[in-house]
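Trainee: kindly generate the corresponding structure for this input.
(2 chains)
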Amino acid sequence: MIHPIPSGTRDVLPDEMRELRAIGERVRTVFDAAGYGEVYTPALEYESTLVPSAPPPAYRLFDDQGEVLVLRSDMTVPIARIVGTRYLDADPPLRFCYLAHAYRGVRPQRGQSREFLQAGVELIGPPGAVGTAEALTVLCAALDAAGLAEYRIGIGDASIYPALLDGFGVPSEARAPLLQELVTRDFVGLQREVDALGISQEAASALLRIPQIRGGREILDGEVGAAGKALEGLRDLYDHLSPDVAGRLIFDLGLLRSLGYYTGALFEVYDPMLGVPIGGGGRYDDLLAHYGRSLPAVGFALNIERLHIALMGEERGGQR
Amino acid sequence: MSPTRGLTIAVPRGALFPPTLDLLDGLGLDTSELRSNDRKLLFADVGLITMRPSDVPTYVEAGAADLGITGKDVLMEQSERAIYELADLGFGRCEMVVASVAGPDPAAEALRRLGVMRIATKYPKIATRHFEATGRQSEIVEVKGSVELAPLTGLVDAIVDLTATGVTLEQNGLIVRERITVCTARLIANPVSHKLRSAEIDYVLERLRAR
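Mentor: Okay, the predicted model is just below:
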C-alpha cells in the first residue's frame, strides 16, 4: 500500500530533526539576545490580506464561510499585518523574529521544498543604513552561531536599475521586459532588450555593464551616473558595519530579488557548499503603509533546511 | 596556475564539443586530454567535466559546475532552471523549425479538419509554447530518437526539431514550414558561483569579448 505525501513536502525523522532543532535554537537565541521578540502567526491568512507584491501563494482553500484562504508564502507580510493591527500606537523601533514554515509553489528538489522552515527577523522603524546595518549584524551573528564558516553576503540596492532607467529616460512601459531579464540574469536577453530601446551607445553600454559589477567596497567608488545616490547609500551602510560583518559582503550592483516589495538595500546569503542562496532580505519601506502604519522596515529570512545542507557540506570539508 | 583557477566548467559533448574546446584553449586551458580521451568524463586537474548538452543546466543549477556551455535550445526547453545566462557564444548556430512532409501540409489539414495537429518532438515545452502562442491546438508526442521518422510513418502530422543544415530533413522528404527561433551556444553560470567566484568568471567573460 502506498500513502504518498503532497509533492514538495517531506517527513523529517529524528536524526535530521535533532539537527534542525539545534540549528533553529542557536539562531533563535541570537535573535532573542538582540532584542527581537518571537511571534507566531496563523499558517492561514485571508487572500485579501496579501499585497500584490507579496510572493504568490501556492495553496488556496475555502473556509466554511466561503472565504478564500491562503497558506502564507512568507512571514514578512503577516508581521506587517500584526504591526498594522496590534501595534498601531506602539513607538518604533519594533523588533520581531520568527521560526516558522512558509509555503511556495517551487519546483521540488534538494533544498527547495514547497513547505519550508524559515528563521528571520523584521526591524521596523530605523531607516536607511542604520536599520540595514543592524539587520546585517544580526544576520551574521546568527550564521556564526549556527556554525557556518565560509558564508558571504551579496548586497545590492533595488533602486539602482530603476534610477539608471530614469537617468536615461527609458519610458516606464518599456521597463518590464528589461527588469524581467535582469531578475532572471539572462544577460543575453538583457542585451537584446537594451538594443531594442534605441538609446545612445553610451547609455546602452551602461545598462549592460553596471548590473554585472560585483566585488568589494572599491566598486562603490565607480562612476554609475544616475545610480550614484544608491551607491552613496551602500557606502554609508558600509561605514556603519563592524569589520567582521563588512568583510563578509560582496557588493553586487545587479542584485534584484524576485519579491516585489523591496525598496532599497537588499541582500542574499551564499555558501560555497550550496548552489542556491541560503536566505536573503532587504529594505521594504513601503509595505507597512499598506497595513496602516507608514514606517520604514528591513528584514531577512534564512532557510533552515538549506543552512543545514551547507553546514553538513562544510563539516565534510569536501565537494558540495 | 590557470587564471580560471578552481572553476569547474561543464562541457557539452556532441556537435558543440569541438568549438567549445577551441574556446577553452583560448582561455588558456589545456584541452589536449579531452581531445584524445573520449571515454573519460571528469578532468579534475583542468576543472572540466563533459556530458550531454541537456545535462549541463542540471550540473550548473546545482552548483556541481560553476560555468557551463550549452545550446539555447536546451535552455529554452529547461526554462525553469535557476541559472544565469552570461553570454551568446555565437557558435553552434541552429534553427528550431516546424517541418512536415513535402506537398500539401498535413498539419494544416489536420488542424482545419480535425481541430488538432499531432506534433512529434524532443522539445515538448518549446513546441507547446509555440503553438499556444500562435493560437493553434496541438497534441505533443515526445520521442527520444530520430524525430524525422514520426511524420513518415503517420505517427504525427509534423515535427518540431532543431536543424543546422536542413540536410537530414531534406533526405527524409520533409520541408520547413515555420522557423520558431535561432539557437546558438550560451555560457551559463550558477547564481552563487557568479558572486563567490566573480573575479574568475569576469576574467572568462573578458577573454570571450576579446575574441
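
Trainee: the helices in chain A, which residues?
Mentor: Using DSSP state H, the helices found in chain A span residues A:14-33, A:76-86, A:128-146, A:160-167, A:175-183, A:187-196, A:201-209, A:228-239, A:243-246, A:287-290, A:304-316.

Trainee: so what are the domain limits for chain B?
Mentor: Here the domain assignment for chain B is B:9-92+B:184-210, B:94-182, based on automatic domain parsing.

Trainee: chain B is nearest to which of the helices of chain A?
Mentor: For the helices of chain A, distance to chain B was read as CB to the nearest CB. The smallest value, 4.7 Å, belongs to helix A:187-196. Any C-beta I mention is one placed from the backbone N, CA and C, and that applies to glycine too.

Trainee: who does the longest strand that chain B contains pair up with?
Mentor: Ranked by residue count, the top strand of chain B under DSSP state E comes out as strand B:174-183. Using DSSP bridges, strand B:174-183 pairs in its sheet with strand B:94-101 (antiparallel).

Trainee: pLDDT of the partner strand, averaged?
Mentor: Averaged over strand B:94-101, pLDDT sits at 97.

Trainee: how far off strand B:94-101 does the following helix or strand past that strand point, in degrees?
Mentor: Past strand B:94-101, further along toward the C-terminus, the next helix or strand under DSSP states H and E is helix B:106-114. Taking axes from the mean of the first three to the mean of the last three CA atoms, to 10 degrees, one finds helix B:106-114 and strand B:94-101 inclined to each other by 60 degrees.

Trainee: list the buried residues of helix B:106-114.
Mentor: In terms of neighbour count (16 or more other CB atoms under 10 Å in any protein chain shown), helix B:106-114 has its buried residues at B:106-107, B:110-111.

Trainee: what's the closest non-adjacent residue to the closest residue to chain B within the stretch 201-320 of chain A?
Mentor: Using CB to the nearest CB, residue A:275 is the residue of the stretch 201-320 of chain A that sits closest to chain B, at 2.3 Å. Using CB to CB, 6 or more residues apart in numbering or on different chains and skipping residues adjacent in sequence, the residue nearest residue A:275 is residue B:63, 2.3 Å away.

Trainee: so who does that neighbour touch?
Mentor: Shown in contact with residue B:63 (CB atoms under 8 Å, 6 or more residues apart in numbering or on different chains): A:274-276, A:320, B:190, B:192-193.

Trainee: angle of the strand or helix carrying residue B:159 against helix B:106-114?
Mentor: Assigned by DSSP H and E, residue B:159 belongs to strand B:158-163. Counting by the same axes, to 10 degrees, strand B:158-163 points 150 degrees away from the direction of helix B:106-114.

Trainee: and strand B:158-163, what does it pack against?
Mentor: Judged by 3 or more CB pairs under 8 Å, 6 or more residues apart in numbering or on different chains; DSSP states H and E, strand B:158-163 is in contact with strand B:94-101, strand B:117-121, helix B:124-133, helix B:149-152, strand B:174-183.

Trainee: how distant is the helix or strand just after it from the center of its chain?
Mentor: Remark: after strand B:158-163, the chain's next helix or strand is helix B:167-171, criterion DSSP H and E. Centroid separation for helix B:167-171 versus its chain: 20 Å, with CA atoms, centre = their mean, to the nearest Å.

Trainee: now the helices of chain A in JSON lines, with mean pLDDT?
Mentor: Output for the helices of chain A, formatted as JSON lines (pLDDT from 0 to 100):
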{"stretch": "helix A:14-33", "mean pLDDT": "97"}
{"stretch": "helix A:76-86", "mean pLDDT": "95"}
{"stretch": "helix A:128-146", "mean pLDDT": "97"}
{"stretch": "helix A:160-167", "mean pLDDT": "91"}
{"stretch": "helix A:175-183", "mean pLDDT": "88"}
{"stretch": "helix A:187-196", "mean pLDDT": "92"}
{"stretch": "helix A:201-209", "mean pLDDT": "91"}
{"stretch": "helix A:228-239", "mean pLDDT": "93"}
{"stretch": "helix A:243-246", "mean pLDDT": "96"}
{"stretch": "helix A:287-290", "mean pLDDT": "93"}
{"stretch": "helix A:304-316", "mean pLDDT": "94"}
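
Trainee: with distance to chain B and mean neighbour count added, can I get those in CSV?
Mentor: Shown next, in CSV, are the helices of chain A (distance: least, CB to the nearest CB, whole Å; neighbours: other CB atoms under 10 Å in any protein chain shown):
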stretch, distance to chain B, mean neighbour count
helix A:14-33, 20, 15
helix A:76-86, 21, 21
helix A:128-146, 15, 22
helix A:160-167, 16, 20
helix A:175-183, 9, 16
helix A:187-196, 5, 18
helix A:201-209, 11, 15
helix A:228-239, 15, 17
helix A:243-246, 16, 14
helix A:287-290, 25, 20
helix A:304-316, 10, 19
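
Trainee: rebuild those as CSV, extending it with distance to residue B:146.
Mentor: Listed next are these as CSV, based on distance: least, CB to CB, whole Å:
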stretch, distance to residue B:146
helix A:14-33, 46
helix A:76-86, 52
helix A:128-146, 52
helix A:160-167, 46
helix A:175-183, 35
helix A:187-196, 30
helix A:201-209, 41
helix A:228-239, 54
helix A:243-246, 58
helix A:287-290, 55
helix A:304-316, 41
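
Trainee: so which of the ones you listed is nearest residue B:159?
Mentor: Among the helices of chain A, helix A:187-196 comes nearest to residue B:159, with 26.7 Å by CB to CB.

Trainee: and that closest one, what other elements does it pack with?
Mentor: Applying 3+ CB pairs under 8 Å, 6+ apart, we find helix A:187-196 packed against helix A:175-183, helix A:201-209, strand B:84-88.

Trainee: what pLDDT is listed against the residue in chain B that chain A sits nearest to?
Mentor: For chain B, the residue closest to chain A is residue B:63, as judged by CB to the nearest CB, at 2.3 Å. Listed pLDDT for residue B:63 reads 93.

Trainee: and the one helix or strand residue B:25 maps to, how far out from the chain's middle?
Mentor: Element membership for residue B:25, per DSSP H and E: helix B:17-26. Averaged C-alpha coordinates place helix B:17-26 at 16 Å from its chain's average position (CA atoms, centre = their mean).

Trainee: which other helices and strands contact that helix?
Mentor: Using 3+ CB pairs under 8 Å, 6+ apart, helix B:17-26 sits against strand B:9-12.

Trainee: given the strand it packs on, what are its sheet partners and their directions?
Mentor: For strand B:9-12, pairing defined by DSSP bridges yields strand B:48-51 (parallel), strand B:67-71 (parallel).

Trainee: residue contacts, residue B:184?
Mentor: When contacts are counted by CB under 8 Å, 6+ apart, residue B:184 touches B:71-72, B:88-94.

Trainee: how does it look with 7 Å?
Mentor: By CB atoms under 7 Å, 6 or more residues apart in numbering or on different chains, residue B:184 lies in contact with B:72, B:88-93.

Trainee: export the helices and strands packed on helix A:187-196 to JSON lines and tack on distance to residue A:281?
Mentor: Compiled in JSON lines, the helices and strands packed on helix A:187-196 are given as follows (distance: least, CB to CB, whole Å):
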{"stretch": "helix A:175-183", "distance to residue A:281": "17"}
{"stretch": "helix A:201-209", "distance to residue A:281": "26"}
{"stretch": "strand B:84-88", "distance to residue A:281": "21"}
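
Trainee: so what sits opposite the most centrally placed residue in chain B in the bridge?
Mentor: By CA atoms, centre = their mean, chain B has its centre lying nearest to residue B:71, at 3.0 Å. On the basis of DSSP bridges, residue B:71 takes part in beta bridges with residue B:185.

Trainee: that one contacts residue B:95, correct?
Mentor: No. Applying CB atoms under 7 Å, one finds residue B:71 not in contact with residue B:95, separated by 11.6 Å.
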